[in-house]
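[1] Sharing a model prediction with you, sequence too.
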Amino acid sequence: MNGKHEKHSAGILMYRLRNGDLELLLAHPGGPFWARRDMGAWSIPKSEFDLDKEKPLSAARREFEEETGHTVDGDFIDLGISRQTGGKIVHAWSVHGDLEPVKMKSNTFSMEWPPRSGKQQIFPEIDRVGWFNVETAEAKINKGQMVFIERLMEDLSSSSLS
């Protein structure tokens, strides 16, 4: 497949140290399809972007702000890419940071709900974010994004950040 015709997403896996423990920030997708899903449903804050119009890291930073309401800056660690089950290519970075989940404010999307009702409802792109220790994050994250946690752990174990 030609990369220009594939769907691309970009996102950021934020991490922090709390009481000596590494914690990762994950986002839970909003909308009715995800309302009752937990394990395996969480994601790094990310969204689609046009590879012809925007650089992946710029898209990741923009999407993080749109989905959490927080700007992100710092020394970004390139976590590479991962092809998701549906074929989408996700570009990811990690950065040390801290934000209060209760202050999260996501952008929204509209969809017909309930199905075939003719009624449009508005839902947040992500309905909540949370800080999780590595073990819990590994259980909650979409399995196609697990590689980003693994790559971050490798990078931190080989650097002075851990």
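    Sure, I can see it. Keep in mind the model is a prediction, meaning the values are calculated, not measured.
[2] Angles on the backbone of residue 151, please.
    The phi and psi values for residue 151, taken as degrees, to the nearest 10, are phi -70, psi -40.
[3] Let's verify residue 115: helix, strand, or coil?
    For residue 115, the assignment made with DSSP: H, G, I helix; E, B strand; the rest coil gives coil.
[4] what's the pLDDT at the residue nearest the centre of the chain?
    Most central in the chain under CA atoms, centre = their mean is residue 44, positioned 1.8 Å from the mean C-alpha point. Note on residue 44: pLDDT of 97.
[5] what separates it from residue 20, distance-wise?
    Taking CB to CB, to the nearest Å as the measure, residue 44 falls 23 Å from residue 20. Where you see a C-beta, it was placed from the backbone N, CA and C, and this is true even at glycine.
[6] likewise residue 145?
    Distance, residue 145 to residue 20, by CB to CB: 25 Å.
[7] who's more crowded, these two?
    Taking neighbours as other CB atoms under 10 Å, residue 145 and residue 20 compare with residue 145 leading, 21 against 5.
[8] Not counting sequence-adjacent ones, nearest residue to residue 34?
    Residue nearest to residue 34 in three dimensions, not counting chain neighbours: residue 41, with 5.7 Å by CB to CB, 6 or more residues apart in numbering.
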